[in-house]
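Engineer: 3D model of this:
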Amino acid sequence: MLARDLILWLSTKPSVTNTIARRGMKDGFARRFIAGETLDEVLSACATLCAQGRTVSLNHLGENVSTEAAANKVSDTYVHLLELLHARNLPGNTSIKLTQLGLVVGRDLCENLTRSIARRAQELHLTIEIDMEGSAYIEVTLEIFEAVQRASGNVALAIQAYLYRSESDLQRLERLQPKIRLVKGAYREPKNVAFQEKAAVDANFKRLTTHLMEGAARGTFFPAIGSHDPAMAAHAQAEAARLQVPKDKYEFQMLYGIQRDLQDQVFREGHRVQVYVSFGTDWCPWFMRRLAERPANCWFVLRSLLAERKT
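Structural biologist: Okay, the predicted model is just below:
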């Protein structure tokens, strides 16, 4: 737990993230998580995944955009990604972050940009997914999701199992019959907001998985189980079987390059697998939050930093 807290704290320090960013792609350790920094790199990775039978969700890394011009530029990028997926016949969608679409600049700006991205996706017969960010943004994220989902009906949302409020949020959202990506959560949250112990997070993840699968059996949720933990995957499979949920009514979502053996196993067993493919130059804070989920991965970074000090 101390290691996780330290990594999350360091992820907010530009002096640390800039040092890692200088070496990550050059030395290769970041490519375990990041498909690349350019569109050509990420589309090549997506083509390989789709040829294997997976679908993809493209995550253009970056957050906390602070100007309207920058938010508009990000929106254009998301639309371009959707058009490229459509043009290349790659099954998947884009996953957007509301702080990257100007949420800290203005709620109306952010909602309007989100609506325009969803409309373009609808025209292309595609979907979008909205990431859930830190707890300060949860309520406004839910409100924007609800508005855009009611308007276009092609929007999914991430829900974080380590938050106390997530079960009530699912009850609130069920009437919209959405796709929900259930993840454990990767931000540093206080104890009055989130479970702090892994066992408690795991237990809540299982409860929420059951909640979603029960909704899938009723036709009110499409669960996307976002975990690399074999125990969580096994629980989801068991609940789907118990409730007789068809395999085309839920999916597993996993990060690019992580637990590839588990991804292959789940896919071979006939389950849908969507790979969350991250790319872009602003990858380091996101990368460090992934490290915090499994602190042993820090050795990849430390070896590179030690090598840098010797040069």
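Engineer: going forward, measure contacts between C-alpha atoms and count neighbours the same way
Structural biologist: OK.
Engineer: Strands of the stretch 51-200 of the chain, residue ranges please.
Structural biologist: If you assign secondary structure with DSSP state E, counting those that start in this stretch, the strands in the stretch 51-200 of the chain sit at 55-60, 92-96, 128-130, 155-160, 179-183.
Engineer: Export those strands as a markdown table, with columns for mean pLDDT, distance to residue 245 and mean neighbour count.
Structural biologist: As requested, these are exported to a markdown table (pLDDT from 0 to 100; distance: least, Cα to Cα, whole Å; neighbours: other Cα atoms under 10 Å):
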| stretch | mean pLDDT | distance to residue 245 | mean neighbour count |
| --- | --- | --- | --- |
| strand 55-60 | 94 | 20 | 24 |
| strand 92-96 | 96 | 22 | 24 |
| strand 128-130 | 98 | 22 | 23 |
| strand 155-160 | 98 | 19 | 24 |
| strand 179-183 | 98 | 15 | 24 |
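Engineer: right, and these - which one's nearest residue 268?
Structural biologist: Comparing the strands of the stretch 51-200 of the chain by their distance to residue 268 (Cα to Cα), the top pick is strand 55-60, with 14.4 Å.
Engineer: and that closest one, which strands flank it?
Structural biologist: strand 92-96 (parallel), strand 273-279 (parallel) (DSSP bridges).
Engineer: and the longest one, how far from the chain's centre?
Structural biologist: Computed by Cα atoms, centre = their mean, to the nearest Å, the chain-centroid distance of strand 273-279 equals 8 Å.
Engineer: can you list the weak-confidence ranges in the protein?
Structural biologist: Applying pLDDT under 70 to the chain flags the ranges 1-32, 281-311.
Engineer: Tabulate the CA atom coordinates of the strand or helix carrying residue 48 in CSV.
Structural biologist: For residue 48, the element it lies in under DSSP states H and E is helix 39-51. The C-alpha coordinates for helix 39-51 follow below in CSV (Å, rounded to 0.1, in the frame of the first residue of the first chain):
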residue,chain,number,x,y,z
LEU,A,39,-1.4,7.6,-34.9
ASP,A,40,0.5,5.3,-37.3
GLU,A,41,1.9,3.3,-34.4
VAL,A,42,-1.4,2.9,-32.6
LEU,A,43,-3.3,2.0,-35.7
SER,A,44,-0.8,-0.7,-36.6
ALA,A,45,-1.2,-2.2,-33.1
CYS,A,46,-5.0,-2.0,-33.5
ALA,A,47,-4.9,-3.8,-36.9
THR,A,48,-3.0,-6.6,-35.3
LEU,A,49,-5.4,-7.0,-32.4
CYS,A,50,-8.4,-6.8,-34.6
ALA,A,51,-7.0,-9.4,-37.0
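Engineer: by contact count, what packs against it?
Structural biologist: Where contact means 3 or more Cα pairs under 8 Å, 6 or more residues apart in numbering; DSSP states H and E, helix 39-51 is packed against strand 34-36, strand 55-60, strand 273-279.
Engineer: let's see it at 10 Å
Structural biologist: Counting contacts by 3 or more Cα pairs under 10 Å, 6 or more residues apart in numbering; DSSP states H and E, the secondary-structure elements packed against helix 39-51 are strand 34-36, strand 55-60, helix 68-87, strand 273-279.
Engineer: who's in contact with residue 93?
Structural biologist: With contacts defined as Cα atoms under 10 Å, 6 or more residues apart in numbering, the neighbours of residue 93 are 55-59, 78, 81-82, 85-86, 121, 126-129, 155, 274, 276.
Engineer: next one: residue 224
Structural biologist: Residue 224 makes contact with 156-158, 179-183, 209, 212-213, 236, 249-254, 272-274, according to Cα under 10 Å, 6+ apart.
Engineer: picking that back up, do you know which of the strands paired with strand 55-60 lies nearest residue 73?
Structural biologist: Shortest separation from residue 73 across those is recorded for strand 92-96, at 13.2 Å, computed as Cα to Cα.
Engineer: send the alpha carbons of that closest one over as PDB?
Structural biologist: Output of strand 92-96 as PDB, limited to C-alpha atoms (Å, rounded to 0.1, in the frame of the first residue of the first chain):
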ATOM      1  CA  GLY A  92     -13.800  -0.600 -31.800                       C
ATOM      2  CA  ASN A  93     -14.300   2.900 -30.400                       C
ATOM      3  CA  THR A  94     -12.600   5.800 -28.700                       C
ATOM      4  CA  SER A  95     -12.400   6.300 -24.900                       C
ATOM      5  CA  ILE A  96     -12.600   9.900 -24.000                       C
END
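Engineer: how big is the angle separating that strand from helix 68-87?
Structural biologist: Relative orientation of strand 92-96 and helix 68-87, computed by axes from the mean of the first three to the mean of the last three Cα atoms, to 10 degrees: 170 degrees.
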